[in-house]
Structures are given as structure tokens and as C-alpha cells.
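Chemist: coords below, sequence missing:
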Ligand code: HEM
């Protein structure tokens, strides 16, 4: 396992994120090493990873980022329309007297609507997007990785001519899912638990997500190969969200900074605005709000250093609605 250094002050983290001397870890290179060691063919996985801007650097990053940005901006209208339809169900879901599990009944359907309106003419299997995210979890077992790899191979071979375009659309959905679902669930919980018993009409909802599901991101020096970075103890974990930052600093860092700043920011902000506009029109109260997470949110430097996936995943958000 690499030794990781934490950049946990706002200034230091921002400096590394904006530095031209640092790049993200190449997960494709990690799969190249596994493929070589096991004599296994991970080429479908590597092809997907080489189309995810978050792990790329230099001209390849610029090229892929541009292609994804074009897709996402073409998708914007369609995605907003699809999201609004899910948001319009909120008054019924939050009817007084009900007890609702908002991750399953609202937040995931909202993400599914955004993901299926992804601006391409290709339907992307949501099951494959969910599984593909397991490729970046270093706790995933080899057998699972091999199964996902075979799923990707079938996906590529089903229509080889459009494979890269479909992989880019798949990649958008892989990269957007956990940050959006986690940030939305944590932000709703933050607002509800701070305003229990108050009519939603009287709650002052912030313009930005008040909480994040992406606490940190990793960088390595540009000139170090993957192996060097691992061996030479030079992975820097840049903190993006921290109780030690001011709310302005957390806001500034929510979507990352520099060359890898989030491409989903406009649609994520639009979704938060739609949700909070609808909530602010409801004359009901939240009696209780309980959020459970798949893994606990990091509280200390040790927790941050121990994270194997840099996302906080919610499992449920149970709310009880009062009059
Ligand atoms: C509130 C929800 C979201 C949050 C908090 C969030 C956060 C982030 C952060 C912090 C990064 C930078 C990672 C790094 O520097 O290593 C990032 C990158 C990225 N995000 Fe998001 N994200 C969200 C939603 C989305 C959505 C909905 C999509 C797609 C539809 C998306 C697509 C991307 C992409 C493609 C990148 C990589 C950009 C690049 O490397 O050039 N994100 N996101």
C-alpha cells in the first residue's frame, strides 16, 4: 500500500490541486500492472479508464474532458426536464404523516433520471454503470473485477464502431452517481436536521449544497510513474471538505479546482436549486431525519488516510413528516 501524505489545510490542498507538477493517479496503469502480473486481459477496463478524465493527465485528459463536456452541455436541457419530473413528486412523497426513505424513493430516482437523459443517443445500462464504479475500490476482489471486465468487453463488442462514445457516456454516469447521490442525501439531511419542526416554507435553503460526499482527492507528481509514486511515498491526499475550512472554503472546494474541476457542476447545482425551490413551497414539517452511511464520514486525519474510496456513500435517509 502507498504511504499517503495529507494536504489538509485549505491553502496547501488548493496549491497541490492547481499545481502543474501534480496529476491524478492513473488507475489504468494500476490495471496494466495487475494484467501483467496475472497474465489477464484487462483491456476493456483499461479502455474505459482511459476515457475517464478524472484519472487522466496532459493532452489525453484535455481531449477526453472536451468530449465529455460537449456531451454534458448537450444533455443539460434534457437532464433538467427529467430531473424536474422527479422533483415534482416531492409534495406527494412528503405528505404529512408519512415516513419516507428518501435515498431509495427520491435521491436515486433523481440520479437515474439524470443518468438516462445523458445527452447521447445510446441507452446505457444503469447496472453496468453501478458495477463499473467498483473498479476503483481497492477492496474489490479480483473475481469481481474480472466479471466487470467481461461485462465491459460485451458492452464494447456489442457495437464496436460506437464503443468509445458509449464508454464516454457510461463514464459520465459512473463519475456522477456517487458524488451526486451522496452530496444530495447529506445536504438534505443537514438542512432537515437543522430545521426540525419548522415549516419547510420558512426554511432558508442555501444556494449551494451545504454538505459534500467527496471529502478528498489524490495527486502524484507528474514525473513519477505509478510504481514510483507508490514506492516513493509521494501520494498527496488533498482535502476538499473539512470542518476546519470556512463555509466559503468548503464551497470553493466542493467541485474540485484546477484542470480537473467537476464537469457535472452545472447540472448538480441546477438539481439542488430545483429540489430546494420545491421544498420551500411545502407547508409541512420534518419531525425527524436519520441518515445512515455505508461507511462513516471521515472525522480525523487518520480516517481520511484510511479511506479506500474517496466518497461518502449514504445507505438511507429516513424522514418522518409532520403537519
Ligand atoms: C454534487 C455533486 C458532485 C460533486 C460534489 C462532485 C465533485 C467532484 C470533484 C471534487 C471533482 C474533482 C476530482 C479531482 O480533482 O480529482 C469532480 C470531477 C468530475 N466530476 Fe463531479 N461532482 C458532482 C457531480 C457530478 C456529476 C453529476 C457528473 C456527471 C454528470 C460529474 C462529473 C465529473 C467529471 C467528468 C469529473 C472529472 C473532470 C476532470 O477530471 O477533468 N460530477 N467532481
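Modeler: Cool, got the structure. Please read these numbers as outputs of a predicted model, since none were measured by experiment. Numbers count the residues shown, from 1 in each chain.

Chemist: contacts and neighbour counts: CA atoms only from here.
Modeler: Will do.

Chemist: those helices in this protein, which residues are they?
Modeler: 10-18, 27-38, 43-49, 58-87, 90-93, 102, 108-116, 126-132, 142-158, 163-194, 226-231, 247-253, 265-279, 301-306 (DSSP state H).

Chemist: So for the first one, what gets flagged as buried?
Modeler: Which is helix 10-18. Buried residues in helix 10-18, counted by 16 or more other CA atoms under 10 Å: 10, 13-14, 16-18.

Chemist: And the residues you listed, which is closest to the ligand?
Modeler: Of all these, residue 17 has the smallest distance to the ligand: 6.9 Å, by CA to the nearest ligand atom.

Chemist: Next, the contact list for the closest one, please.
Modeler: For residue 17, the contact set (CA atoms under 8 Å, 6 or more residues apart in numbering) comprises 219, 238, 256-258.

Chemist: Just put the buried residues of helix 10-18 in JSON lines and tack on pLDDT.
Modeler: Shown next, in JSON lines, are these (pLDDT from 0 to 100):
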{"residue": "10", "pLDDT": "97"}
{"residue": "13", "pLDDT": "97"}
{"residue": "14", "pLDDT": "97"}
{"residue": "16", "pLDDT": "95"}
{"residue": "17", "pLDDT": "96"}
{"residue": "18", "pLDDT": "96"}
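
Chemist: Make CSV out of those residues and add distance to residue 184.
Modeler: Formatted as CSV, the buried residues of helix 10-18 follow (distance: CA to CA, whole Å):
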residue, distance to residue 184
10, 23
13, 24
14, 24
16, 27
17, 24
18, 26
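
Chemist: What residues does the stretch 1-150 of the chain have near the ligand?
Modeler: Contacts of the stretch 1-150 of the chain with the ligand, taken as CA under 6 Å from any ligand atom, map to 53-54, 65.

Chemist: Recalculate using a threshold of 8 Å.
Modeler: Contact residues, the stretch 1-150 of the chain versus the ligand (CA under 8 Å from any ligand atom): 17, 24, 52-56, 61-62, 65, 68-69, 72, 111, 114-115, 118.

Chemist: These, buried ones only, as a ChimeraX selection?
Modeler: Selecting only the buried entries of these in ChimeraX, with 16+ other CA under 10 Å as the criterion:
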select :17,24,52,53,54,55,56,61,65,68,69,72,111,114,115,118
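
Chemist: mean confidence for stretch 187-205?
Modeler: Stretch 187-205 carries an average pLDDT of 98.

Chemist: distance between it and the chain's centre?
Modeler: 24 Å (CA atoms, centre = their mean, to the nearest Å).
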